[in-house]
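*Asks:* this is the structure alone, sequence omitted:
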């Protein structure tokens, strides 16, 4: 997938992607690149912003946005149904949205645990089921779940987040086995540290430590993570399913 500078607009029969959390960060880059490649895209976030408003004006026939909270599972399912109804199909789901909260496990409130698991694991489960049903009706599709290296390497203060992200990897393997015969591929992308809203608060000292521990000597870029997502979504990966692709500069090797 090589995005053009100017999108000529999506054709009525062009493929359809659902991207969770598409107003900023990795989700925003994915939305931009998919639209530029001629996809029709449905995405959501809690609030509109300049980007979502600009995309709605620039791509009125190819872009659908709605205000949805990740922990409102009924609204998530309705969003998927609305996207399928508006565009007639769903070919790709990128479970990108997530919520990171750092706190020692012994002091984390039960309500906070529930919210973190809800946003980072239950929300992707609900979206995957709703979108997979639309994919089955359309003859197949692709699901890419975005996990985190916290799922495969222990870090202090993120136990609940790590548990939820590890669940995504198990989900990907099980769904690949179950949905493969229906023409649906399911893979997991596990990014390491890259420049994003989630790493914006990392101190310069910690950033330097991360870079020293990373064999490639730097953090990743959001474009590099997007490249990996779009590869897994592309026809070039048509024989890849049930796989977890770690893209972390080697920090977990």
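*Replies:* Arrived safely, thanks for sending. Bear in mind the structure is a predicted one, so any value in this text is a computation, not a measurement.

*Asks:* CA atoms for contacts and neighbours, from now on please.
*Replies:* Noted.

*Asks:* average pLDDT across the helix or strand where residue 82 lies?
*Replies:* Per DSSP states H and E, residue 82 falls inside helix 73-87. Helix 73-87 shows a mean pLDDT of 97.

*Asks:* repeat that for stretch 132-152.
*Replies:* In this model, stretch 132-152 has a mean pLDDT of 96.

*Asks:* between the two ends of that stretch, how far is it?
*Replies:* Stretch 132-152 has its terminal residues 26 Å apart, counting by Cα to Cα, to the nearest Å.

*Asks:* now do the buried residues in it.
*Replies:* Neighbour counts over stretch 132-152 (16 or more other Cα atoms under 10 Å) mark 132-136, 140-152 as buried.

*Asks:* stretch 95-115 now?
*Replies:* For stretch 95-115, by 16+ other Cα under 10 Å, it's 95, 96, 97, 98, 113, 115.

*Asks:* if we can go back for a sec, let's see which of the buried residues of stretch 132-152 end up in strands.
*Replies:* Among the buried residues of stretch 132-152, DSSP state E puts 141, 142, 143, 144, 145, 146 in strands.

*Asks:* in the sheet, who's paired with the third one?
*Replies:* Residue 143 has the following beta-bridge partners by DSSP bridges: residue 93, residue 186.

*Asks:* my guess is it contacts residue 96. True?
*Replies:* No. Look at residue 143 against residue 96 with Cα atoms under 8 Å: they stay out of range, at 10.7 Å.

*Asks:* strands of the chain, residue ranges please.
*Replies:* Using DSSP E, strands in the chain cover 16-20, 40-45, 63-67, 92-95, 141-146, 184-191, 244-247.

*Asks:* thanks again, I'm all set now.
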